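Novice: Structure here, sequence nowhere to be found:
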């Protein structure tokens, strides 16, 4: 019997190892799996490479992980906003590495990993510092730069509901990076508000099928 549910958040993240590359879903706080991040902090893994849209907000979630100095490198599109003070302080001190990637490129690099694509050419970033050292090409008279896929050891994502097979549905914009991150990681761990019996999710509403999810855990009430 296939049953991907975990008894606890701690169990779900127990094998995330030092030096792992971890994708974390969310657009700001929308769709961020904060309960899984808290469990990861308690777990103690260090020297992590984090892939996320931004670099944390305030003092919770991803920002708390950065504050605890568990992150060696972050790959993101928007590292600085008014409340990203933990990242800002560590970056200025030279204690965290940044790989800046335009948002569309970030999403496509993640999607490419999940789709098995070896890379793609894009005009975004051509002629800027972000293109330094990368292959460029002129296609139909337009300049392009080559971007590589982003793979991960783990993906931590948040969904509204899931079943024991790992099928997931999301709540509105909280969906954001979750589906493509689930496809790009070796192990996808989904935090859900509710685990429902098999057959209760409308197949037409399932966004992430269970083949891309290895663990499902219910967030604390």
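Specialist: In hand now; what should we look at? Predicted model, so just to flag it, every value in this text is computed and none were measured.

Novice: per-residue confidence averaged over the longest helix seen in the chain?
Specialist: What stands out as the longest helix in the chain, according to DSSP state H, is helix 103-115. Mean per-residue pLDDT for helix 103-115: 98.

Novice: can you list contacts of it?
Specialist: Helix 103-115 is touched from outside by 23, 51, 53, 75-78, 101, 117-120, 122, 124-125, 147-152, 177, 180-184, 212, with contacts defined as C-beta atoms under 8 Å, 6 or more residues apart in numbering. In this view, the C-beta of every residue, glycine as well, is placed from N, C-alpha and C.

Novice: Return the set of buried residues in it.
Specialist: 105-114 (16 or more other C-beta atoms under 10 Å).

Novice: Likewise for stretch 160-171?
Specialist: 160-170.

Novice: What segments of this structure are strands?
Specialist: Using DSSP state E, the strands of the chain run over residues 21-24, 48-51, 71-76, 97-100, 120-122, 136-139, 142-147, 152-162, 168-169, 185-195, 215-218.

Novice: In CSV: those strands, plus mean pLDDT and distance to residue 62.
Specialist: As requested, the strands of the chain are arranged in CSV below (pLDDT from 0 to 100; distance: least, C-beta to C-beta, whole Å):
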stretch, mean pLDDT, distance to residue 62
strand 21-24, 98, 6
strand 48-51, 98, 7
strand 71-76, 98, 8
strand 97-100, 97, 14
strand 120-122, 98, 26
strand 136-139, 98, 33
strand 142-147, 98, 23
strand 152-162, 98, 10
strand 168-169, 98, 21
strand 185-195, 98, 14
strand 215-218, 98, 18
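
Novice: which one of these lies closest to residue 60?
Specialist: For residue 60, the closest of these is strand 21-24, at 12.9 Å, according to C-beta to C-beta.

Novice: Adjacent strands (with direction) for that closest one?
Specialist: Here strand 21-24 has these sheet partners by DSSP bridges: strand 48-51 (parallel), strand 152-162 (parallel).
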